[in-house]
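Q: Pasted the sequence and its predicted model underneath.
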Amino acid sequence: MTEVYVKGVVEKIIFHNPDSMFYIASVEIKDTDSNYKDDTIVVTGNMPELQEDSSYIFKGEIVVNGKHGEQLQVSSYELDKLDKKSLIDYFSSKQFKGIGTKKAIKKLLKFMVMTLLIKS
């Protein structure tokens, strides 16, 4: 089979075994080089840590599970690099109650200005 990549946001951790670091998670696809047609895919594999509402780049093979259908069997993964949109999506996610998109943008701009002031 061919290795593909899937860039996406972990919507839900379906199963996690902390002893083996095995995860099963539902991922909302933002970008992929595969022919997979749905908006979400289930990823499976041994990964030290996954967090819901965080963006990752997964690499692996799409396999067919007889009971659960197509899944991405992960061979490697990394936390997606942070850009402005990713940060706004993250801070306006359900992990931060009471912060919507406008407040997230405001906080991000304030952080960027403070960072520039510290650097200069």
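A: Sure thing, it's come through.
Q: Report the separation between Pro18 and Leu50.
A: From Pro18 across to Leu50, the span is 12 Å (C-beta to C-beta, to the nearest Å). Heads up, the C-betas are built off the backbone N, CA and C, glycines and all.
Q: low pLDDT regions in this structure?
A: 1, 82-83, 119-120 (pLDDT under 70).
Q: any idea which strand is longest in it?
A: When the chain is parsed with DSSP state E, its longest strand is strand 4-17.
Q: can you give me the angle whichever helix or strand comes after that strand makes with strand 4-17?
A: Going down the chain from strand 4-17, the next helix or strand is strand 22-32, by DSSP states H and E. Here the directions of strand 22-32 and strand 4-17 differ by 150 degrees (axes from the mean of the first three to the mean of the last three C-alpha atoms, to 10 degrees).
Q: buried set for strand 22-32?
A: Buried positions in strand 22-32, judged by neighbour count with 16 or more other C-beta atoms under 10 Å: 23-30, 32.
Q: which residues are contacting it?
A: By C-beta atoms under 8 Å, 6 or more residues apart in numbering, the list of residues contacting strand 22-32 from outside reads 4-16, 36, 38-47, 50, 55-56, 58, 72.
Q: Going by neighbour count, which of the residues you listed are buried?
A: 4-6, 8-10, 36, 41-45, 47, 50, 55-56, 58, 72.
Q: any idea how far Val74 is from Gly66?
A: 19 Å.
Q: neighbour count winner among these two?
A: Taking neighbours as other C-beta atoms under 10 Å, Val74 and Gly66 compare with Val74 leading, 21 against 5.
Q: is it true that that one touches Pro48?
A: No. Using C-beta atoms under 8 Å, Val74 is not in contact with Pro48, being 11.8 Å away.
Q: Understood, closing this out.
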